[in-house]
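Participant: what's the 3D shape of this:
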Amino acid sequence: MTGASHVLAVSEPATAVRWTPARISAALDRILPQVEKPARYTGGEWNAIVKDWDRLDVTMAICYPDVYEVGMSNLGIQILYDLVNAEEWACCERVYAPWPDMEQKLRQYGVPLYSLETRHPLGDFDIIGFSLAYEMIFSNALTVLDLAGIPLTSAERTEAHPLIIAGGSGVLNPEPMADFIDLFILGEAEDTLLEFLRLYRRHKAQSPHSRPERARLLREAAQIPGVYVPSLYHVAYNPDGTIQSIKPAEPGVPAFIERQKVDFTCKPIPVRPIVPFIETVHDRAMIEIMRGCVHGCRFCQAMFIYSPVRMMPSKKILEAAEQLLANTGYDELALLSLSSADYRGINELIKALSEKFGDNLMSISLPSTRVDAFSVQLAELIHHRRKGGMTFAPEAGTERLREVINKGVSEEEIMRAVRTAYSSGWQQIKLYFMIGLPTETLEDVRGIVRLAHKVLEVGREYHGRRARVHVGVSTFVPKAHTPFQWVGQDTRESIMEKQRILREGLRHPNIRFHWNDPNESVLEAILSRGDRRIGRAIRRAWELGARFDAWSDQFKWAAWEQALQECGLDIHFYAHREFGLGETLPWDHIVSRTKRHALIRQYRAALDEGSIPLPVVAAEPAAVPA
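Facilitator: Numbering: from 1, shown residues only. Below you'll find the model as predicted:
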């Protein structure tokens, strides 16, 4: 029994009885009236896909380890759900992390975590796949495994347990979660996941037992491009704690794992998404219109990992939108990408959607809008259908710092876009910035204050006291596979001082300022830059009660501090230390499209523009492809 189970006093272990879907349903009749938002746990939504298990060769549960409202808003889950369920021999059912009240009730009644479609216990599935979109949901993945009665680490599991796989942009550095995951699918998963499921099906058909022999299956899976099996690699460390090498532990295992890309323009667009019973974070129809980004912001992990740019044909978008709206009843359509305004022919696409659906489509949203791509014509096209405010992300408060991060947006362009939005009818502008960026000074921080007030002045020209400016400021976190992967994160003390300057400077009745807890950013840096040793701290923090770390009211920094201390892991070493350019990084065996030498060149350019000298590069690590 885990430490968390001791705390929550399980009255009946989930493994003590044989839990069937019928028995789970009966238990839920008692449990659900006692928890917040019971519709999170009922299933039965419109467009959910339910299959007969007696006709299936492979069963998979897909888990976004956050609360239902967040997981249901994730387009990646919808894409993979449709993809797997399109195969007659396989099913894909959903599970999300239960909110703490539901976790407590499941433990109290001894009920295992189950899928929403058929209410089978997770332990009955062949495969459980985690979508780890960001690092702050890592601890929730352990909750899901434990509530399913599945050992937390790969080393503890046998053929009696499901195979645990994971993917998503949060595991571009998979090492912190390596102890808990049997295999990772790295990159865009559409093709790789199906190839792995076919391999699993063949092995299962040849097995005399209900599940394949794990060791043989994992060795063969490691040969699939984009599949990483952590147990087949050995990590050696230097006396100073840095990594000496990451090498295959046996012959025949690939030394490097390359992130996969797909031609997503040839893939079907999900047109029958599940319609939830309760309001979700993004309660609307969604179509991915473009992957990749035409810009090159040096802090942006997504830009580097999702290049090159691929655009969905507009004809296909229009056809999918018609089916999507008919199958869901939504009256808002979101056109998704990293920078939707850069979609070639975006104005013509919005015109065509407006003409095709008329008043049946009340809102077209572009969640990602670059300042320099926002035009008068685009504003006029979407304003009369648009709800809420218009969002822009200057990222930095001065042109100097925007040059360092390669944002490529001048103050003149920012103000032109702001004036266009206000003059087109928007009364509220949302501005997003980061603090703690490389080479940042306090003058750059004060630049955020100055720019926000300047934006408000323009708003008051058009809307008087009704004009509003919302300023959101997050803390920069260095990410793997970007030019800033070597940069140490700003210290908590420095971040707190910068937040103080912003709070004082943005104190105005028409300006709303939002910032995040510096400790949350420190944890994110530790998890994003960590090596395999961080897994011990993740487990210990979870045992101490860490859950829903991305939720401010649930975040328990004290649990993480204690866990890191008990595991002998130094916060500065992982979060704030500048990595050496010749140092072997925890993710150096994961190969992205942008090679190391190109990232170093970008890093040099950034520091040159910030007037910061860069040390001479040491010899490249032997285990890193140039």
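Participant: the residue most central in space within the chain: what secondary structure?
Facilitator: In the chain, the residue lying closest to the centroid (C-alpha atoms, centre = their mean) is A133, at 2.1 Å. Under the three-state scheme (DSSP: H, G, I helix; E, B strand; the rest coil), A133 adopts coil.
Participant: which elements pack onto whatever helix or strand A352 lives in?
Facilitator: Per DSSP states H and E: A352 is located in helix 346-357. The contact analysis (3 or more C-beta pairs under 8 Å, 6 or more residues apart in numbering; DSSP states H and E) places helix 346-357 against helix 314-328, strand 332-336, strand 363-365, helix 376-383. C-beta coordinates here come from the backbone N, C-alpha and C atoms, glycine included.
Participant: ok, 7 Å please
Facilitator: Using 3 or more C-beta pairs under 7 Å, 6 or more residues apart in numbering; DSSP states H and E, the elements in contact with helix 346-357 are helix 314-328, helix 376-383.
Participant: neighbours around D608, how many?
Facilitator: When neighbours are defined as other C-beta atoms under 10 Å, D608 has 12 of them.
Participant: check the gap between it and R601 for me.
Facilitator: Using C-beta to C-beta, to the nearest Å, one gets 11 Å for the distance from D608 to R601.
Participant: how about G389?
Facilitator: Counting by C-beta to C-beta - G389 and R601 are separated by 38 Å.
Participant: of those two, give the one with the bigger neighbour count.
Facilitator: Taking neighbours as other C-beta under 10 Å, G389 and R601 compare with G389 leading, 15 against 12.
Participant: bridging residues for the residue lying closest to that one once chain neighbours are set aside?
Facilitator: Closest residue to G389 apart from its sequence neighbours, by C-beta to C-beta, 6 or more residues apart in numbering: Q428 at 3.4 Å. Residues in a beta bridge with Q428, per DSSP bridges, are R468.
Participant: Q428 contacts R468, correct?
Facilitator: Yes: between Q428 and R468 a contact is recorded at 4.2 Å, counting by C-beta atoms under 7 Å.
Participant: quick one, what contacts the closest residue to F476 other than its chain neighbours?
Facilitator: Closest residue to F476 apart from its sequence neighbours, by C-beta to C-beta, 6+ apart: G436 at 4.1 Å. G436 makes contacts with T475, F476, Q489, D490, I495, as judged by C-beta atoms under 7 Å, 6 or more residues apart in numbering.
Participant: identify, from those, the entry nearest to A221.
Facilitator: Nearest to A221 out of those is Q489 (C-beta to C-beta; 34.6 Å).
Participant: where does that closest one fall, helix, sheet strand or coil?
Facilitator: Applying three-state DSSP: Q489 is coil.
Participant: for it, grab the count of nearby residues.
Facilitator: Quick note: Q489 (other C-beta under 10 Å) scores 27 neighbours.
Participant: again, but for E411
Facilitator: With other C-beta under 10 Å as criterion, E411 counts 17.
Participant: cool, D263 as well?
Facilitator: 11.
Participant: how about D359?
Facilitator: D359 has 8 neighbouring residues, counting by other C-beta under 10 Å.
Participant: can you give me the domain assignment for this protein?
Facilitator: If you go by automatic domain parsing, the domain ranges for the chain are 3-229, 284-385.
Participant: average pLDDT for the last one?
Facilitator: Across domain 284-385, the average pLDDT comes to 83.
Participant: now the first one
Facilitator: In this model, domain 3-229 has a mean pLDDT of 93.
Participant: wait, is M286 part of a helix?
Facilitator: No: counting by three-state DSSP, M286 falls outside a helix, being strand.
Participant: now it, which residues is it bridged with?
Facilitator: Applying DSSP bridges, one finds that M286 bridges with A334.
Participant: so it touches N74, yeah?
Facilitator: No: the pair M286 / N74 is not scored as a contact, 9.6 Å apart, by C-beta under 7 Å.
Participant: identify the residues contacting W560.
Facilitator: Residues near W560 by C-beta under 7 Å, 6+ apart: L523, A541, A546.
Participant: go with 8 Å
Facilitator: W560 makes contact with N519, L523, A537, A541, A546, D549 under the criterion C-beta atoms under 8 Å, 6 or more residues apart in numbering.
Participant: let me have the helices and strands packed on helix 346-357 in a markdown table, extended by mean neighbour count and distance to D444.
Facilitator: Output for the helices and strands packed on helix 346-357, formatted as a markdown table (neighbours: other C-beta atoms under 10 Å; distance: least, C-beta to C-beta, whole Å):
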| stretch | mean neighbour count | distance to D444 |
| --- | --- | --- |
| helix 314-328 | 16 | 39 |
| helix 376-383 | 17 | 29 |
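Participant: as CSV, those with distance to E175 would be great.
Facilitator: Converted to CSV, the helices and strands packed on helix 346-357 look like this (distance: least, C-beta to C-beta, whole Å):
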stretch, distance to E175
helix 314-328, 38
helix 376-383, 42
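Participant: out of the ones you listed, which is closest to M177?
Facilitator: For the helices and strands packed on helix 346-357, proximity to M177 was assessed by C-beta to C-beta; helix 314-328 is nearest, at 33.5 Å.
Participant: quick one: that closest one to strand 332-336, angle?
Facilitator: Interaxial angle, helix 314-328 versus strand 332-336 (axes from the mean of the first three to the mean of the last three C-alpha atoms, to 10 degrees): 140 degrees.
Participant: chain center to helix 314-328: distance?
Facilitator: Relative to its chain's centre, helix 314-328 lies at 26 Å (C-alpha atoms, centre = their mean, to the nearest Å).
Participant: and the closest residue to W486 other than its chain neighbours, backbone torsions?
Facilitator: Nearest in space to W486, with sequence neighbours left out and distances taken as C-beta to C-beta, 6+ apart, is F579 at 4.4 Å. When quoted as degrees, to the nearest 10, the phi and psi of F579 stand at phi -70, psi 140.
Participant: and for the one 10 residues further on?
Facilitator: Backbone torsions of H589, given as degrees, to the nearest 10, read phi -90, psi 0.
Participant: count the neighbours of it for me.
Facilitator: Considering only other C-beta under 10 Å, H589 is surrounded by 23 other residues.
Participant: show me where the stretch 1-150 of the chain has strands.
Facilitator: Taking DSSP state E, counting those that start in this stretch as the test, the strands found in the stretch 1-150 of the chain are 58-64, 90-96, 127-131.
Participant: sorry, that was for the stretch 351-500 of the chain
Facilitator: 363-365, 390-395, 428-435, 468-475.
Participant: including distance to A22 and mean neighbour count, could those go into a markdown table?
Facilitator: Shown next, in a markdown table, are the strands of the stretch 351-500 of the chain (distance: least, C-beta to C-beta, whole Å; neighbours: other C-beta atoms under 10 Å):
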| stretch | distance to A22 | mean neighbour count |
| --- | --- | --- |
| strand 363-365 | 42 | 19 |
| strand 390-395 | 47 | 22 |
| strand 428-435 | 48 | 21 |
| strand 468-475 | 46 | 20 |
